[in-house]
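1. quick one, structure for this:
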Amino acid sequence: MPEFQALTLKKRRFILKGCAFFLVYYFALPVLVGFFPRLMETNFGPVNAAYIFALSQFFMAWVVAAVYVKAAAGWDKAAQEIINRAEAR
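-> Residues are numbered from 1 along each chain as shown. Modelled structure (predicted):
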């Protein structure tokens, strides 16, 4: 069904973009530490920027998961509508 294919394409695009964002964010820490050590050594009170960035990765993982759950709920609703239309035929 074209509707189902469109939904699958929409999901695939969202997941690929989300994975790409998270991978870039995740690997930014070792890249920044390797290429810009002075920047990452900047102190903010008792901790430096590298530790703050590393801690932010945990929060970012939760944010990405929450965004995915919200999007997946919409996909489930759209899939159920497609199923209902298919059963009505």
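2. show me where the chain has its strands.
-> 43-44, 47-48 (DSSP state E).
3. reformat these as JSON lines; add mean neighbour count, distance to Asp76 and mean pLDDT.
-> All C-beta atoms are positioned from the backbone trio N, CA, C, and that covers glycine. Rendered in JSON lines, the data for the strands of the chain read as follows (neighbours: other Cβ atoms under 10 Å; distance: least, Cβ to Cβ, whole Å; pLDDT from 0 to 100):
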{"stretch": "strand 43-44", "mean neighbour count": "9", "distance to Asp76": "41", "mean pLDDT": "92"}
{"stretch": "strand 47-48", "mean neighbour count": "12", "distance to Asp76": "41", "mean pLDDT": "94"}
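4. distance to Ser56 for those - can I get that in a markdown table?
-> Below are the strands of the chain laid out as a markdown table (distance: least, Cβ to Cβ, whole Å):
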| stretch | distance to Ser56 |
| --- | --- |
| strand 43-44 | 12 |
| strand 47-48 | 12 |
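5. looking at these, which is closest to Ala20?
-> Proximity to Ala20 (Cβ to Cβ) singles out strand 47-48 among the strands of the chain, at 27.6 Å.
6. partners of that closest one in the sheet?
-> In the sheet, strand 47-48 lines up against strand 43-44 (antiparallel) (DSSP bridges).
7. how far does the strand it pairs with sit from its chain's centre?
-> Mean-position distance between strand 43-44 and its chain equals 28 Å (Cα atoms, centre = their mean, to the nearest Å).
8. let the chain start at 439 from now.
-> Done: numbering now begins at 439, and the last item shifts to strand 481-482.
9. which residues sit against it?
-> Residues outside strand 481-482 that contact it (Cβ atoms under 8 Å, 6 or more residues apart in numbering) are 487, 490.
10. circling back: quick one: closest of the strands of the chain to Ala510.
-> Ala510 sits nearest to strand 485-486 of all the strands of the chain, at 34.8 Å, using Cβ to Cβ.
11. quick one: contacts of stretch 444-463?
-> Here stretch 444-463 has contacts from 495, 498-499, 502, 505-506, 509, 513, 516-517, 520, using Cβ under 8 Å, 6+ apart.
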